[in-house]
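**Student:** Let me see the structure of the following:
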Amino acid sequence: MPDLLLELRSEEIPARMQRKAAGDLRRMLTDGLVEAGLTYEAAREYWTPRRLALDIRGLTARSKDIREEIKGPSTTAPEQAVQGFLRKAGLSSIADAHVHSDPKKGDFYVAHIVKPGRAAEEIIAELVPGIIRNFPWPKSMRWGPASAKPGSLRWVRPLQSIVCTFGPETEEPVVVDFEIDGVRSSNVTYGHRFHAPGPIAVRRFDDYVAKLEAAKVVLDADRRKEIILADARNTAFANGLDLVEDEGLLEEVSGLVEWPVVLMGEFEQDFLTIPGEVIRLTIRANQKCFVTRPQGAGENLSNRFILVANIEATDGGKEIAYGNGKVVRARLSDALYFWKTDQGDLPDLDQLKESAEKFDLDLKKPLDQRMARLDHLNVTFHAKLGTQGARVARIKRLAEELAPTVAKSTSPLAGEMAGRPEGVAAREAPTSSAARGSVGALREATSPVAFGDISPSRGEITALVARAAVLAKADLQTEVVGEFPELQGAMGRKYALLQGEHASVAAAAEEHYKPQGPSDRVPTDPVSVAVALADKLDTLTGFWAIDEKPTGSKDPFALRRAALGVVRILIENRIRLALTSVFAKAFASFKGGADQSSDLLAFFHDRLKVYLRDQGARYDLIDAVITPQSDDLLQIVRRVEALGSLLDTEDGKNLLAGTKRAANILAAEEKKKTLIAETVEPALFREDAEKKLYAAVNQAEKEAGQAIQNEDFSAAMLALSVLREPVDSFFEGVLVNDEDQAVRANRLALLARIRAATDQVADFSKIVG
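**Tutor:** Residues are numbered from 1 along each chain as shown. Predicted structure coming up:
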C-alpha cells in the first residue's frame, strides 16, 4: 500500500501553537481523504519550530467507483417533471434512464449513475491547498508582494516550501504536484537553519527522518523533550546539583529548537536572597531556562541555571551561556528591586489613612499599606460587583460569620503550627476509590484530618480570621505580583510572615485560593478554611446576584471550580454548614441583586454529584438522598455512605426489592384513584403477616426517626433493615387487592407506611436494582 509524506516548512512557528497545529493538519487531511473515498492504516503528525509533517501509511491508491440510483417521476408524469429529473440526474435524454415498476405506484424512471473512482494523487493535490488556505491558526499573517492582493495566502509565518510524496515502498514515490501562491510542492526540504541550510532531496518518511537527523533536525518533538530532560539532568548532576523539573517549560523549549544543546549558565549568589519562586519565574518567563538546586538542599535554589541552545557552538557554548547569564542578571536585578520595594513604605501613605481606619490597618506595616492602597484606588473587581475593597469587606464579614462553625468542626487549629513548613498546611486530596465502591471512597474523603497540638480558642480564631480576610488580597498591590500574577497568595504569605503576622494568617493569604482544581490541596487550618469559604461563596453569590451564571461549556469566571472548592473544603474537613442561611446573608450584601439561593443550591448539588461520582459513589444513591432543600453537604455524604453500606448487605438488597414493590403497587393504585386509607387500622388485619409488618414498621419508623434526629444515619439504616423479613413475609402470604374494599384500603395504607418509613432516609424508588 502506498504511503504519503507531507511537510509544510515555514519560518519559526510559536511553540505554543505547534502541537495543536500538527494535530489539526492530521485531522483535516485524514478527514478529507476518508470523505473522498480513500482509506489508510495509520497516520502520525510531527512538528519542529520550522515545519509541520505528516506520515500516512497504507493509503489506498484510488477511491472506489460509486454507483447510485436516483429515483425519478412516473413514466406518465408531465414533461416539466421529466426535465427536472434529467437536470438533477445529469442525463441528456430520458432514453438514458431506466424504467422500474412498482405494484402500487406503477412504472417510474430511475437514473443509474456511476461515478468513477479517482487517483489518490489527484485527491491529495486538490485537498492540501484547501487545507493550507483554511488552516485554523489562532493568528496568521500575509507576506511578500502577493499580500497586497485580495485572498492572498495567510499562514502563521511565511510558508517557504512544501514536500509531498506518494507511493509504495517497492517503487519510487512520485511528487504530488500542486501550487499555492507561488509555493510549488516538491521532494526537497532543508535542514537546520545554521548547520545544514542546503536543499535535501527525500523520497519517503523513513529517509526523510534520517536525512533531517543528519542535517541537525530532530523531527520528533517527544524525542527532543527526552534529549533535553536527560542532558539537563546529567549536566546538573555533574555539577553537584539537581534539576528543578518543569513539564510546561520542557514542552515550550522543545518547540524552540530543532537540535537541542543543553548548557549551564550562572548568576551571582547575592540574588539568592530573592524568594525561590520569584527566581524561578523570572528565569522561566524571560529566558526559558530551568533552575537548579544543590543536591539534598530541599527547596533552596543554586545560582546556576540550565539553558537549551539550538546550535552546537564552536566554543562549546561559552558565549551563549555568558549572554544568557547577562540577561538573567538584569531580570533578577529587577526582581530584587521589586522584592525590596514591597517591604518598604509606599510614597502616598497620607492618602491611605481613611482606608486604613475602615479596615483597622496598621500603616507601619508594608502589607497593611498595600491593602489600604487597594481600597483607596478603587480597583475594580467587576463592573457590576464593585471594587476589590468592597469585596474584601464582604469576605471579612462572611468569614467572621463562618469562623465559629469552622472552628467547631476543624479544631484543634491545624496550624498554630509555627513549626509547620510553608506549603504543608493543606493536605492532598483523597485518591479516587471508584474501584473500591462508593462507601470506601466516601469514608476516605471524609476521614479525620490530623492537626497540631496547639489550639487557640474560638474567639481567637475569629480574630485571626478577620485579620486574614483583610490581608488576603493585599499582595495584589505588590510589585512582585504585578510582574508575576501567578504568585498571588504565595507572596502574600511571605510578606505576612516578614511583618510578623500569625502563621495561620500568613497561611490563609496563600491557601484561601485553594483548591484550584480537583487534584489541588484543600486547606485545613480553620483560618484558611473560613477565608477560603468566604472568598468562594462571595464570588458565587455575587455572580448569581447579577445573573452571570455558567452556561454550557462557558464559565469565564470559573464558578464551577469555586463551587467544587466549597464542596471539597466542607466534606474533606467534615464541616456541617447550612448553605441556605449562608447564601441569604451573602446575597444581602449585594444591593439590588435578587436572592437566588434555591438556584445556587441546585448548582451546588450538581457539583456535589460530580465530586461524589469521582470518589466512586453510585449516581442513583446520590439522587436518592438529595432533595431540593438539602443544604448540608456533609449530611448528604453521610446519608449516601450509610445507604451504600445498607445496600451492600443481603437484608438491604431484599428490603430495596420489597420497598420498590410496595411503591410500585401504590403508584399503580394511586393512578387508578383506588381508595387508600388515611391510617392503618389493626382491627382490619386478617393475616399474621400483616400484624408483624405493622409492628415492625412502627418500630422501624420510631428508631429510624430517632437515629436521624441524632444524625446517626448508619443506625437509621440498621433500623430499616429489620423490615426485610416482615416485608418479604407480607408479599408472600398476603393479597393486597382483597375483594373487601376496606381491607384493601387498609393494606395499601400499610404499604404507604413502608414507603414513608424508608423515605425518611432516602427515596428508594430512585435506586437502581
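**Student:** Let me know the helix or strand that Ala43 is in.
**Tutor:** strand 42-48 (DSSP states H and E).
**Student:** Buried ones in that strand, by neighbour count?
**Tutor:** Ala43, Glu45, Tyr46, Trp47, Thr48 (16 or more other Cβ atoms under 10 Å). From N, CA and C alone the C-beta is placed, and that goes for glycine too.
**Student:** Tell me the one of these nearest Glu258?
**Tutor:** Minimum distance to Glu258 across the buried residues of strand 42-48 is 4.8 Å, recorded for Thr48 (Cβ to Cβ).
**Student:** For the closest one, give me its contacts.
**Tutor:** Residues in contact with Thr48 (Cβ atoms under 8 Å, 6 or more residues apart in numbering) are Gln18, Val217, Val218, Leu219, Ala221, Arg224, Glu258.
**Student:** nearest to Pro556, of those?
**Tutor:** Of all the contacts of Thr48, Gln18 has the smallest distance to Pro556: 26.7 Å, by Cβ to Cβ.
**Student:** what sits up against whichever strand or helix holds the closest one?
**Tutor:** For Gln18, the host element (DSSP H and E) is helix 15-35. Outside helix 15-35, the residues within contact range by Cβ under 8 Å, 6+ apart are 6, 8, 13, 40, 43-49, 52-54, 56, 59, 120, 123-124, 127-128, 130-131, 135-138, 156, 221, 251-256.
**Student:** measure the nearest residue to Pro275 once chain neighbours are set aside to Glu501 for me?
**Tutor:** Counting by Cβ to Cβ, 6 or more residues apart in numbering, the nearest residue to Pro275 once its immediate chain neighbours are dropped is Lys494, at 5.9 Å. Lys494 sits at a distance of 11 Å from Glu501 (criterion: Cβ to Cβ, to the nearest Å).
**Student:** these two touch, right, Val470 and Leu374?
**Tutor:** No: assessed by Cβ atoms under 8 Å, Val470 is found out of contact with Leu374, at 10.4 Å.
**Student:** Overlap of the contact sets of those two?
**Tutor:** Common neighbours of Val470 and Leu374, using Cβ under 8 Å, 6+ apart, are Val392.
**Student:** can you give me how far whatever helix or strand Ser729 lives in is from the chain middle?
**Tutor:** Here Ser729 sits within helix 724-733, counting by DSSP H and E. Centre-to-centre, helix 724-733 and its host chain are 49 Å apart (Cα atoms, centre = their mean, to the nearest Å).
**Student:** hmm, who's touching the next helix or strand after that helix?
**Tutor:** Using DSSP H and E, the helix or strand that directly follows helix 724-733 along the chain is helix 741-759. Helix 741-759 has contacts (Cβ under 8 Å, 6+ apart) with 655, 658-659, 662-663, 665-666, 669, 674-681, 684-686, 690, 693-694, 697, 700-701, 704, 720, 723, 727, 730, 734, 736-738, 764.
**Student:** now do 6 Å
**Tutor:** Defining contact as Cβ atoms under 6 Å, 6 or more residues apart in numbering, one finds that helix 741-759 is touched by 659, 662-663, 666, 669, 675-677, 680-681, 684, 697, 700-701, 736-738, 764.
**Student:** Over to stretch 711-724?
**Tutor:** In contact with stretch 711-724 (Cβ under 6 Å, 6+ apart) are residues 638-639, 642, 646, 651, 654-655, 696, 700, 703-704, 707-708, 761.
**Student:** Per-residue pLDDT of Glu422, please?
**Tutor:** Note for Glu422: predicted pLDDT of 37.
**Student:** that older thread, of the contacts of helix 741-759, keep whichever come out buried.
**Tutor:** By 16+ other Cβ under 10 Å, the contacts of helix 741-759 give 659, 662-663, 666, 669, 676-677, 680, 684, 697, 700-701, 736, 738, 764 as buried.
**Student:** Met1: which of those is nearest?
**Tutor:** Phe764 (58.9 Å).
**Student:** in this structure, which ranges drop under the pLDDT threshold?
**Tutor:** 410-456, 593, 769 (pLDDT under 70).
**Student:** mind listing what the spatially most central residue of it touches?
**Tutor:** Taking Cα atoms, centre = their mean as the criterion, Gly517 is the residue nearest the geometric centre of the chain, at 7.1 Å. For Gly517, no contacting residues are found, by Cβ under 6 Å, 6+ apart.
**Student:** One more: Leu398?
**Tutor:** Taking Cβ under 6 Å, 6+ apart, we find Leu398 in contact with Ala534, Ala586.
**Student:** The strand or helix carrying it: which residues count as buried?
**Tutor:** Taking DSSP H and E as the definition, Leu398 sits inside helix 388-410. Residues 388-389, 391-407, 409-410 are the ones in helix 388-410 that count as buried (16+ other Cβ under 10 Å).
**Student:** For that helix, output the C-alpha coordinates as PDB.
**Tutor:** C-alpha atoms of helix 388-410 as PDB (Å, rounded to 0.1, in the frame of the first residue of the first chain):
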ATOM      1  CA  GLN A 388     -11.800  45.000  45.500                       C
ATOM      2  CA  GLY A 389     -12.100  47.000  48.700                       C
ATOM      3  CA  ALA A 390     -15.800  46.400  48.900                       C
ATOM      4  CA  ARG A 391     -15.200  42.700  48.100                       C
ATOM      5  CA  VAL A 392     -12.700  42.400  50.900                       C
ATOM      6  CA  ALA A 393     -15.200  43.900  53.300                       C
ATOM      7  CA  ARG A 394     -17.800  41.400  52.300                       C
ATOM      8  CA  ILE A 395     -15.400  38.500  52.600                       C
ATOM      9  CA  LYS A 396     -14.400  39.700  56.100                       C
ATOM     10  CA  ARG A 397     -18.000  39.800  57.300                       C
ATOM     11  CA  LEU A 398     -18.800  36.400  55.900                       C
ATOM     12  CA  ALA A 399     -15.600  34.800  57.100                       C
ATOM     13  CA  GLU A 400     -16.300  36.100  60.700                       C
ATOM     14  CA  GLU A 401     -19.800  34.500  60.400                       C
ATOM     15  CA  LEU A 402     -18.300  31.200  59.300                       C
ATOM     16  CA  ALA A 403     -15.400  31.200  61.800                       C
ATOM     17  CA  PRO A 404     -17.300  29.700  64.800                       C
ATOM     18  CA  THR A 405     -18.800  26.900  62.600                       C
ATOM     19  CA  VAL A 406     -15.400  26.200  61.100                       C
ATOM     20  CA  ALA A 407     -13.600  26.300  64.400                       C
ATOM     21  CA  LYS A 408     -16.100  23.800  65.900                       C
ATOM     22  CA  SER A 409     -15.700  21.400  63.000                       C
ATOM     23  CA  THR A 410     -11.900  21.600  62.500                       C
END
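**Student:** right, and Thr165 touches Ser186 too?
**Tutor:** No: contact status for Thr165 versus Ser186: not in contact, 8.9 Å apart, counting by Cβ atoms under 6 Å.
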